[in-house]
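In: What follows is a predicted structure for the sequence shown.
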Amino acid sequence: MLRPWKTKIWLEESQGGSFHAKLCNQLIKEIQSGRLMPGTTLPGSRSLAKQLAVNRKTVQFCYEELESQGWLKSRPRSGTFVSDQLPEQTLSSEDLNLVSTVKETRSSSVLMDSVYQSALVLQEEKLGPNDGVPDSRLIPYELLSRAYRRAIVKSSRQSSLGYGDPRGTLELRQSIRNMLVMDRFMNATTEEVCIVRGSQMGIFLASRVLNPKQGAIVFEQLCYSPAVAAFESNGFEIIHCKIDSQGLIIDDLRKILAEFDVAGIFITPHHQYPTTVCMSMDRRLTLLNLSKTHNFAVIEDDYDHDFHYEMRPVPPLSSLPNSENVIHIGSMSKVFAPGLRVGYLVADKKFVDRVAHEIVLIDRQGNTVTELALADLMESGEVKKHIRKTCKLYKTRRDHAVEELIRIFGDRITFELPVGGLALWINISSMINERSSLQLNHPDSFFGSSHICGQNEPEHIRFGFGALSEKEITKLILELYSILN
């Protein structure tokens, strides 16, 4: 039986910092006001997503949340309906205050809420948003499964599946140390290596151990917003330093040091996030000299060191003279897949011990089996072999993306060819308009620009090519062209 009318939803007046929050709040408001009566059939997720021009999974996620709260009810092969028994409708204002938990928690910052909502974006059947993630389809499943099996057998026979060192298994810390010494010129000991669950955990732990009373944290003008949120949540004042085609502008940093007390600087020197530029060697050396003169920490996020295409990668800050104040953070998740959650933090032993204290409180220790499996693959040379293979493929994808951008856009956009990494930084300022700006800034947009700090409208797109096949790259570049044209 056909429905005579489609239920329409209007979100312009709805409250909420994200589309998901706005839709949930608006549906609850419509139910409470009586517009959507008990038993009312709601639009299908595909239909409502099309009506609102958003990702279908976002609508599904909202429906599921409201169903768990009792506002909606789904029936197999029938649809989604307003529940016959609505939650908290008969409670007095005094009772509603008793069951409310809003006052029991600290409110989060706008930035933290934005980072959290971005993490909740669910992938539709097509490719979801990415701005430089690796292709998890390339993971060597059979190789990894055999390594996991050996790790489980070894752990079981040695009774090592209980609680262990919060810094991580000795085997993986030794393997990471060997990689850093042999491949990245660093002079580190095993005691100076701590295993974490991805680079973001390493960043947060650094923000916990450093002291906000000693000064602010300096970030690059355009930067990685989850890192900003981590330091902001631990009480640090955030100051931004200008950047150019050679990375951090040292003269601007000197001005900041003359005006403010600085506890540390967070930097992505290898492939600056999001602009992809590589920090020049003279600026690296000057930065390290300043860190010793002014006694501030340098948090080096070396998130994609392995993916460099044109020449030998520039040595990390941690390998250079005067690097005593550097806190080096890296990730093995980029090599295989983010879901493996393996990263590392390298600093002096005293700092690593303090990090381990924090780990005991939140994580106790890492995943022993995963760490042993990865150590096995590193020592056997399989990790290096996989890096060589994927690096060659990512270079091919980068070159294909560049060719397609030139073919489709011509000279209407500009970009510099990155020497490494998994993304392109594309200047779209000559094509941007009000309509395309709204689409690009939409929470469900593949081409989101939320990583841009301090700008209201996107002037650049960070286009991730690593997780895409050549066919997928062409499809998404055509989609971008249709938005901008």
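Out: Cool, the structure landed. Numbering: from 1, shown residues only.

In: roughly how far is stretch 131-142 from the heart of the chain?
Out: 16 Å (Cα atoms, centre = their mean, to the nearest Å).

In: Give the rounded mean pLDDT of it.
Out: Mean per-residue pLDDT for stretch 131-142: 87.

In: if I look at N25, how far off is N55?
Out: 18 Å (Cβ to Cβ, to the nearest Å). Just so you know, the C-beta spots here come from the backbone N, C-alpha and C atoms, and that holds for glycine as well.

In: So which of these two has more stuff around it?
Out: Neighbours per residue, other Cβ atoms under 10 Å: of N25 and N55, the larger number sits with N55, 25 against 15.

In: which stretches of this structure have low pLDDT?
Out: Filtered on pLDDT under 70, the chain yields the residue ranges 1-6, 12-17, 88-105, 117-130, 434, 438-439, 441-458.

In: Let me know the secondary structure of K73.
Out: Under DSSP: H, G, I helix; E, B strand; the rest coil, K73 falls in the strand class.

In: and it, what is it in contact with?
Out: E67, T80, F81, V82, S83, D84 (Cβ atoms under 8 Å, 6 or more residues apart in numbering).

In: If we use 7 Å, what do you get?
Out: The contact partners of K73, by Cβ atoms under 7 Å, 6 or more residues apart in numbering, come to E67, F81, S83.

In: quick one: secondary structure of I426?
Out: Criterion first, three-state DSSP; result for I426: strand.

In: hey, what's it bridged with?
Out: Beta-bridge pairing for I426 (DSSP bridges): F415, I461.

In: Hmm, L417 and it touching each other?
Out: No: using Cβ atoms under 7 Å, I426 is not in contact with L417, being 11.4 Å away.

In: and these two? which has more neighbours close in?
Out: For I426 versus L417, the count of surrounding residues by other Cβ under 10 Å is larger for I426: 20 against 11.

In: Could you give the number of residues near E470?
Out: E470 has 15 nearby residues by other Cβ under 10 Å.

In: which residues touch it?
Out: So, once contact is read as Cβ under 7 Å, 6+ apart, E470 ends up touching R397, H400.

In: redo that, cut-off 8 Å
Out: Neighbours of E470 in contact, by Cβ under 8 Å, 6+ apart: T396, R397, H400.

In: can you give me the helices in the stretch 251-400 of the chain?
Out: 281-294, 349-362, 368-379, 382-409 (DSSP state H, counting those that start in this stretch).

In: Format the ones you listed as JSON lines; extra columns: distance to R106 and mean neighbour count.
Out: Output for the helices of the stretch 251-400 of the chain, formatted as JSON lines (distance: least, Cβ to Cβ, whole Å; neighbours: other Cβ atoms under 10 Å):
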{"stretch": "helix 281-294", "distance to R106": "32", "mean neighbour count": "17"}
{"stretch": "helix 349-362", "distance to R106": "17", "mean neighbour count": "16"}
{"stretch": "helix 368-379", "distance to R106": "32", "mean neighbour count": "23"}
{"stretch": "helix 382-409", "distance to R106": "41", "mean neighbour count": "17"}
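
In: so which of those gets nearest V342?
Out: V342 lies closest, by Cβ to Cβ, to one member of the helices of the stretch 251-400 of the chain: helix 368-379, at 5.9 Å.

In: what's the spacing between the closest one and its chain's center?
Out: Chain-centre distance of helix 368-379: 24 Å, with Cα atoms, centre = their mean.

In: re the thing from before, redo the helices of the stretch 251-400 of the chain as a markdown table? Include distance to H328.
Out: As requested, the helices of the stretch 251-400 of the chain are arranged in a markdown table below (distance: least, Cβ to Cβ, whole Å):
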| stretch | distance to H328 |
| --- | --- |
| helix 281-294 | 12 |
| helix 349-362 | 11 |
| helix 368-379 | 17 |
| helix 382-409 | 18 |
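
In: Work out for me the element C62 sits within.
Out: helix 56-69 (DSSP states H and E).

In: Mind splitting the chain into its structural domains?
Out: 19-105, 141-380, 385-484 (automatic domain parsing).

In: just to revisit the earlier point, any idea which of the contacts of E470 is closest to A206?
Out: Among the contacts of E470, and counting by Cβ to Cβ, the member closest to A206 is R397, at 32.0 Å.

In: and the gap between that closest one and L138?
Out: 11 Å.

In: All the strands of this protein, in order from the start?
Out: 72-75, 79-82, 193-196, 216-220, 238-241, 243-244, 247-248, 262-267, 297-302, 326-331, 343-346, 414-415, 423-427, 460-464 (DSSP state E).

In: so what does the fourth one touch, helix or strand wise?
Out: Yep, that's strand 216-220 we're talking about. helix 225-233, strand 238-241, strand 262-267 (3 or more Cβ pairs under 8 Å, 6 or more residues apart in numbering; DSSP states H and E).

In: Mind doing that once more with 7 Å?
Out: strand 238-241, strand 262-267 (3 or more Cβ pairs under 7 Å, 6 or more residues apart in numbering; DSSP states H and E).

In: Relative to N211, which of the ones you listed is closest?
Out: Of the helices and strands packed on strand 216-220, nearest to N211 by Cβ to Cβ is strand 262-267, at 6.4 Å.

In: Residues contacting stretch 36-54, please?
Out: 3, 6-9, 11, 19, 30, 55-56, 59-60, 63, 72, 79-84, 86, 444.
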